[in-house]
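J.: Can you look at this prediction? I've put the sequence above it.
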Amino acid sequence: MRKVTMAGSAAGAMDALQGGGAGGDRPPRRIQSVDRALTILEILAAAPEALALGTVAERAGLNVSTCHHLIATLVERGYVLNAGRNRGYMLSSRLHELTEVNARKTDLSDFARTDLIELSGKLGLAVQLAEMQGAALVTRFKANVAETHVIEADEIVKMRAAHATATGKAILAWLPEDQVLKIISENGLERFTPNTITSLSDLTEDLRWVRRNGFAVDTEELKEGVVCYGAALRNEKGAVIGSISASMPVALATDPCRDHVTQEVMACARKLSDRLRLGVG
């Protein structure tokens, strides 16, 4: 037994000296299931119509049982559609959607930059642009032309606080219910101030209010002393892809000021959404 161990060690050492170990020229180890799943996606992408399970298995060089488990996972994750027992399987639009999401990450902040700087200057307030990336609320752009003194919450904290922010609620209000529940399930309804909404029923009612009025309000819900007004951005298909907002110290938030800020934020959101629909840069 000891001879086998020593032989194995010697062979491993020799392999490493010859460049065949982890640091040599040996190709990186592939994860077989991932490799097979990608092969299936490539096969379906190349097919002009839906393919039967047996056909996919044959082209992928897999047995039918293994192929079925892999395709079932891809169906569950939304990358493959089951076209019916007699029609087989085909790609969904999920990969295309991911491409669009990636393009938005690159382009949306640049697209809105000039308008948001103008809005910040007009209001004399800090403005933000945010997107939901999975369950995280991500601030993509900020402008504070007048350098209004507002102590914003930490961005890491804000990522899990869609329920307590105007940008977050402006987006949540228009998402499918199951998606909203998933975001809440992952992030919880953490209390940040005495005004934070911490129950699902209260949040549901607040999101209904957002849909009725066309804008969202954060009244010291994330940060004491700060109020914020937000509105959603829609793409050419009418889908909500982000939101903008303006923040101010609560001491400045008189009723006339609130009304003015709300109207300007909504007008800017409409302008940006119209440009997105028309494909105007």
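T.: Thanks, I have it. Numbering: from 1, shown residues only.

J.: alpha carbons only for contacts and neighbour counts from here, please
T.: Fine.

J.: Okay, now the unreliable bits of the stretch 1-150 of the chain?
T.: 1-27, 85, 97-106, 148-150 (pLDDT under 70).

J.: now the strands for it?
T.: Here the stretch 1-150 of the chain has its strands, by DSSP state E, counting those that start in this stretch, at 80-82, 89-91, 126-133, 136-143.

J.: Out of those strands, flag the one nearest residue 43.
T.: Of all the strands of the stretch 1-150 of the chain, strand 89-91 sits nearest to residue 43, with 9.4 Å by C-alpha to C-alpha.

J.: what sits opposite the closest residue to residue 41 other than its chain neighbours in the beta ladder?
T.: Nearest non-adjacent residue to residue 41, counting by C-alpha to C-alpha, 6 or more residues apart in numbering: residue 91, 7.2 Å away. Counting by DSSP bridges, residue 91 forms beta bridges with residue 80.

J.: ok, back up a step: any idea which of the strands of the stretch 1-150 of the chain gets closest to residue 257?
T.: Residue 257 lies closest to strand 126-133 among the strands of the stretch 1-150 of the chain, at 14.2 Å (C-alpha to C-alpha).

J.: Residues contacting that closest one, please?
T.: For strand 126-133, the external contacting residues (C-alpha atoms under 8 Å, 6 or more residues apart in numbering) are 109, 116-117, 119-120, 137-148, 150, 167-168, 171, 241-248.

J.: same thing but at 7 Å, please
T.: Contacts of strand 126-133 with the rest of the structure, by C-alpha atoms under 7 Å, 6 or more residues apart in numbering, involve 116, 120, 137-144, 148, 167, 241-247.

J.: Just the buried ones from the residues you listed?
T.: The neighbour-count test (16 or more other C-alpha atoms under 10 Å) marks 116, 120, 137-144, 167, 241-247 as buried among the contacts of strand 126-133.

J.: Grab the CA positions of stretch 273-281 and hand them over as PDB.
T.: The C-alpha trace of stretch 273-281 is given here as PDB (Å, rounded to 0.1, in the frame of the first residue of the first chain):
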ATOM      1  CA  SER A 273     -39.200  57.400 -20.800                       C
ATOM      2  CA  ASP A 274     -40.500  59.000 -24.000                       C
ATOM      3  CA  ARG A 275     -36.900  59.200 -25.300                       C
ATOM      4  CA  LEU A 276     -36.400  55.500 -24.400                       C
ATOM      5  CA  ARG A 277     -39.500  54.600 -26.300                       C
ATOM      6  CA  LEU A 278     -38.400  56.500 -29.300                       C
ATOM      7  CA  GLY A 279     -34.900  55.300 -29.100                       C
ATOM      8  CA  VAL A 280     -33.500  58.800 -29.000                       C
ATOM      9  CA  GLY A 281     -30.100  59.200 -27.300                       C
END
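
J.: Name the nearest residue to residue 264, sequence neighbours excluded.
T.: Sequence neighbours aside, residue 119 is the residue nearest to residue 264 in space, at 7.6 Å (criterion: C-alpha to C-alpha, 6+ apart).

J.: picking that back up, who touches the residue nearest to residue 41 in this structure?
T.: Contact analysis of residue 91 by C-alpha under 7 Å, 6+ apart lists 44, 45, 79, 80, 81.

J.: now the residue nearest to residue 264: how far from residue 113?
T.: Shown here: residue 119 relative to residue 113, a distance of 10 Å by C-alpha to C-alpha, to the nearest Å.

J.: ok, these two, which is more surrounded?
T.: The residue with more neighbours, out of residue 119 and residue 113, is residue 119; 24 against 16, by other C-alpha atoms under 10 Å.
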